[in-house]
Each structure stands twice: as C-alpha cells, then as structure tokens.
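Chemist: need coordinates for the following:
(2 chains)
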Amino acid sequence: RKEVEQDPGPFNVPEGATVAFNCTYSNSASQSFFWYRQDCRKEPKLLMSVYSSGNEDGRFTAQLNRASQYISLLIRDSKLSDSATYLCVVNKVNRDDKIIFGKGTRLHILP
Amino acid sequence: DTAVSQTPKYLVTQMGNDKSIKCEQNLGHDTMYWYKQDSKKFLKIMFSYNNKELIINETVPNRFSPKSPDKAHLNLHINSLELGDSAVYFCASSPARTYGYTFGSGTRLTVV
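Modeler: Residues are numbered from 1 along each chain as shown, chains lettered A, B, ... in the order given. As a prediction, this is how the structure comes out:
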C-alpha cells in the first residue's frame, strides 16, 4: 500500500456542484494532515489543516477518519476558480518526522 | 514582502555544469525544506533543516548539497548536472515540523 494515495482524476464537475475527494494513508502513527491546492505551473498553497473533529472553511470541509485511515475534502457550490490539483499531505511521525505528499487529484470545474 | 523567495525562477544549463538555487524566508520559521517536483508532478522531499541543522536527508545523489547559513536561508547546490535533474525545485518553510508549509514559487531547472 502506498504511503499516501489519491485518485488522480481528473474530476470534471459542473459549476455549482458539490465534489468530494478522499485520500488514504498507510501509517497509523501519522499525526498531522493537510489539504493543499496547486494551480498549473504554480507552487502548492495550504488550503486547510485537517483536525480530528473535522473542520470547515467557507465552502470547504475536511474530515479525518483515523479508523479507516483516510481524509476527505468536500467542496460545495464549486466555482470555476476551484479548478486545480488538490494534494493530500500526511505527516508521518517517526525519527525523520517528514511530510508525505500525495500525487494529487485534478479537478476541472466546467462552466 | 514575499514570504518565501527563491532565485532564480528559471534555470537552463548544460549537462555537467554546477549551479545553485537560493531560498530565503522572512516568516521567522524554524524549519526549511527543499522539494523536487518531477514531470509527473510528484512532490518529493529532498532535505529539511531545522534551525540550520540538517534533519532530513532523503536518498538524493550526493551531487546535491544543501547549505543553511542561518535559519532564514537554505540554498541548494548541484554539481555535475544531469538530464534527469530537470524538474521544478520548491523551497518551503514551516514554523515547526508538524505545521503546514509555505512554499516558494519554484525554480524550473532544465538541463540540456
């Protein structure tokens, strides 16, 4: 099983729809979880951290399921500007304490 | 007032050359990183420094040598460049290792 796994997509979604992505991780000792977005030819930007209790930021909701080892991102009322690649990031806690990036899910919002 | 700045933005060079990429952050973060994003868009960590001390050194050819003169700077020197080194190199920083990163805008390296 890969350390962090995401469906690469692309997800083609009409504007205004709700879309959800999942991301699975293999290390049960992982402690920190994040969603980043990356636009074409740009740097990744932190979208939101993912907390155990789940968290919401406007149209975006992130959830963590430790038992099944996955995190999710829900985007409501999607906008054209939401088109991007969404990267799931997991902090694998061990001696190295490094952060593992998923390969990303591409989202295209269609007018 | 750029938070994490790296230079140059683009670098085209011939095989066998030696080149450096510079990174500076003005966020007061303790930890800095170098990541490589290849043509398949996969982001992979190369190095991490915490307060000038090397804490992560992934399996990277020893042609790559990071240097951190102070906690606000992390430079990357690459010797004897090879075609396979072509990629986008991102510098990033975070206040602590369990926090999210702020990335620089990337250096697109093309080795010809």
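Chemist: A:S52 contacts A:N65, correct?
Modeler: No. Checked against C-beta atoms under 8 Å, the pair A:S52 and A:N65 is beyond contact range at 9.7 Å. Any C-beta I mention is one placed from the backbone N, CA and C, and that applies to glycine too.
Chemist: let's check: the centremost residue of chain B is which one?
Modeler: For chain B, B:W34 is the residue whose C-alpha lies nearest the centre (C-alpha atoms, centre = their mean; 3.2 Å).
Chemist: A:F11 pairs with what?
Modeler: Beta-bridge partners recorded for A:F11 (DSSP bridges): A:L107.
Chemist: surely A:S81 forms part of a helix?
Modeler: Yes. When DSSP: H, G, I helix; E, B strand; the rest coil is applied, A:S81 is found to be in a helix.
Chemist: list the neighbouring strands of the helix or strand B:I55 falls within plus their orientation.
Modeler: Assigned by DSSP states H and E, B:I55 belongs to strand B:53-57. Using DSSP bridges, strand B:53-57 pairs in its sheet with strand B:43-50 (antiparallel).
Chemist: buried residues in the partner strand?
Modeler: For strand B:43-50, burial by neighbour count (16 or more other C-beta atoms under 10 Å in any protein chain shown) applies to B:L43, B:I45, B:M46, B:F47, B:S48, B:Y49, B:N50.
Chemist: contacting residues around it?
Modeler: Strand B:43-50 is contacted from outside by A:44, A:87, A:98-99, A:101, B:30-38, B:54-58, B:60, B:64, B:66, B:68, B:71, B:74, B:76, B:90, B:97, using C-beta atoms under 8 Å, 6 or more residues apart in numbering or on different chains.
Chemist: buried subset of those residues?
Modeler: If we count by 16+ other C-beta under 10 Å, the contacts of strand B:43-50 have these buried: A:44, A:87, A:98-99, A:101, B:30-37, B:55-56, B:60, B:64, B:66, B:68, B:71, B:74, B:76, B:90, B:97.
Chemist: can you tell me which of those are in helices?
Modeler: Using DSSP state H, no member of those falls within helices.
Chemist: could you dump the strand holding B:I55 to PDB, C-alpha only?
Modeler: Taking Å, rounded to 0.1, in the frame of the first residue of the first chain, the C-alpha atoms of strand B:53-57 are listed here in PDB:
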ATOM      1  CA  GLU B  53      20.700  21.800  11.400                       C
ATOM      2  CA  LEU B  54      20.100  19.100   8.800                       C
ATOM      3  CA  ILE B  55      17.200  16.800  10.000                       C
ATOM      4  CA  ILE B  56      16.100  15.100   6.800                       C
ATOM      5  CA  ASN B  57      18.300  13.900   4.000                       C
END
